[in-house]
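Chemist: Can you look at this prediction? I've put the sequence above it.
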Amino acid sequence: MSVVDVRETITQAHHEEWARVVAALTRRFGDLDIAEEATAEAFATAVERWPADGVPPNPGAWLTTTANRKAIDRIRRESKRDGKQREAQMVYDDEPPEPLGAIDDERLRLIFTCCHPALAMETRMALTLRMVGGLTMPEIARAFLVQEATMGQRITRAKAKIKAARIPYRVPSAEDLPARVSGVLAVLFLVFNEGYLATGSDTDPVRHDLTAEAIRLTRLIRALMPEDGEVAGLLALMLLTEARRPARVSASGELVTLDEQDRGAWDAALIAEGHRLVRERLAAGVAPGRYQILAAINAVHTSARDIRDTDWSQIVALYDQLVRVDPSPIIALNRAIAVAELDGPEVSLATVDRLEDRLAGYHAYHATRADLLRRLGRSQESRAAYDTAIELAGNTAETAYLTRRRDQLG
């Protein structure tokens, strides 16, 4: 087997094994940094040895054993860790498996474990995306609209807090789930968004592996917490969004916007399931949260047979409700897009321009401005906004779409 083949094998194993090995070592040695370093060394050893020795029958077990040895070697080299060395040696062989707790699925269990309420919400989300979600540091930084170095510092501080505060890295019980579920849902939403429209230029524009996994895990949480409205809302939102995936990228690799999509290509079964969940939450008579309102907005979009049939007044009303729950600049931007369909581009542009200070580095902000300026006949300004959006966008399908729209300007 060539080095390339081995690296492909390890890449496939990464999503399944990396987080599991890190979690196991963290529980054993009580040190997240040692766990990550030892796991990285184990993977590096695999790249070096597997081409000559062959891939072992159980790659995950091989990686776990090798990572354990690497961790023990590292602890032995540090005299101040004598106590941890004795503990590590005691548990090295034949350690009984830990109880599974309330969650059977290993990845979901790890996400709940990482989303500890002692950490700030953004911190626990970033740490979990890095350790369990399979996202790279640049992808996580783009999801939070910050620089990569800034995100790296946040994750480093989170690890330091876990170590200094001795936050227990343990499998959560059923009683722990309500305090952690909001962070878990936020993580899954970000993983889904990265799959729905990948932010990097070196990946497929739409990553079905990520969207499918996010939906699978959200279904599991729905089974664990059937009365939680936000769980149902997030599942409905994902289903209604995923239903449009077959129509989102053209054969030439260009993004197809909602108004140009072939609605006959949408997945009717996913739409029906999403609509049913939205109706169930409306019937519950409980004030909806963020994901439930977003799902309701998507239900309005997917109810229209043609873009001209869209009930924009209802969508704007839902965004008005959402802004009270989540007054973020991205929600304000999306509301402005809906307002443009209801009240015209000039009214919308005034709102969008007020968001510049907070969204100057966000490509969708400039793409929205470019489209509004185009509709107002301000071609030169529109072209400049398209140029900025193209420069900031990482998704190849989106870049192709923005380039075509810019080049169509008179």
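Modeler: Yep, that arrived. Predicted, not measured: the structure shown is a model, and the values here were computed from it. Numbers count the residues shown, from 1 in each chain.
Chemist: Please name the nearest non-neighbouring residue to Leu294.
Modeler: Nearest residue to Leu294 in three dimensions, chain neighbours excluded: Leu237, at 5.0 Å (Cβ to Cβ, 6 or more residues apart in numbering). Quick note: C-beta positions are derived from backbone N, CA and C, even for glycine.
Chemist: In contact with the closest residue to Leu349 other than its chain neighbours, which residues?
Modeler: Closest residue to Leu349 apart from its sequence neighbours, by Cβ to Cβ, 6+ apart: Leu372 at 4.5 Å. Leu372 is in contact with Ala340, Pro345, Ser348, Leu349, Val352, counting by Cβ atoms under 8 Å, 6 or more residues apart in numbering.
Chemist: gap between the fourth one and Ala340?
Modeler: Read it as Leu349. Between Leu349 and Ala340 the distance is 8 Å, computed by Cβ to Cβ, to the nearest Å.
Chemist: cool, the last one as well?
Modeler: For Val352, the distance to Ala340 (Cβ to Cβ) stands at 9 Å.
Chemist: ok, now the third one?
Modeler: If you measure Ser348 against Ala340 using Cβ to Cβ, the figure is 4 Å.
Chemist: Would you mind telling me which of these two has more residues around it?
Modeler: Taking other Cβ atoms under 10 Å, Ser348 and Ala340 do not tie; Ser348 has more neighbours (25 against 21).
Chemist: Work out for me the element that one sits within.
Modeler: Counting by DSSP states H and E, the element that carries Ser348 is helix 345-353.
Chemist: Quick check: next helix or strand after that helix?
Modeler: Next along from helix 345-353, by DSSP H and E: helix 356-359.
Chemist: quick one on the thing from earlier: verify the contact between the residue nearest to Leu294 and Arg290 for me.
Modeler: No. Counting by Cβ atoms under 8 Å, Leu237 stays clear of Arg290, with 9.4 Å between them.
Chemist: in the helix holding Ser348, what's buried?
Modeler: Pro345, Ser348, Leu349, Thr351, Val352 (16 or more other Cβ atoms under 10 Å).
Chemist: so which of those residues would you say is closest to Ala71?
Modeler: Minimum distance to Ala71 across the buried residues of helix 345-353 is 51.2 Å, recorded for Val352 (Cβ to Cβ).
Chemist: Which residue is the nearest non-sequential neighbour of Leu235?
Modeler: Closest to Leu235 by Cβ to Cβ, 6+ apart is Thr218, at 4.8 Å.
Chemist: three-state assignment of the one you found?
Modeler: Assigned with DSSP: H, G, I helix; E, B strand; the rest coil, Thr218 falls in the helix class.
Chemist: swap in Arg406?
Modeler: At Arg406 the chain is in helix, as set by three-state DSSP.
Chemist: what's the neighbour count on it?
Modeler: As a burial measure, Arg406 scores 19 neighbours (other Cβ under 10 Å).
Chemist: how far away is it from Gln380?
Modeler: 12 Å.
Chemist: Same question for Asp309.
Modeler: Taking Cβ to Cβ, one finds Asp309 at 34 Å from Gln380.
Chemist: next one: Leu239
Modeler: For Leu239, the distance to Gln380 equals 42 Å [Cβ to Cβ].
Chemist: Tell me which helix or strand in the chain has the weakest average pLDDT.
Modeler: helix 82-91 (a mean of 46; mean pLDDT, DSSP states H and E).
Chemist: In terms of neighbours, single out the busier of Leu237 and Arg290.
Modeler: Shown here are Leu237 and Arg290; by other Cβ under 10 Å, Leu237 has more neighbours (26 against 20).
Chemist: how does the protein divide up, domain by domain?
Modeler: 3-91, 105-168+179-204, 350-410 (automatic domain parsing).
Chemist: If you average pLDDT over each of these, which is lowest?
Modeler: Per-segment mean pLDDT for the domains of the chain reaches its minimum on domain 3-91, at a mean of 65.
Chemist: Give the burial count for Met225, as a bare number.
Modeler: Count around Met225 with other Cβ under 10 Å applied: 16.
Chemist: do you know how far the residue nearest to it when sequence neighbours are not counted is from Leu119?
Modeler: In this structure, Met225 finds its nearest non-sequential neighbour in Val231, 5.3 Å apart by Cβ to Cβ, 6+ apart. Distance, Val231 to Leu119, by Cβ to Cβ: 21 Å.
Chemist: That'll do, ta.
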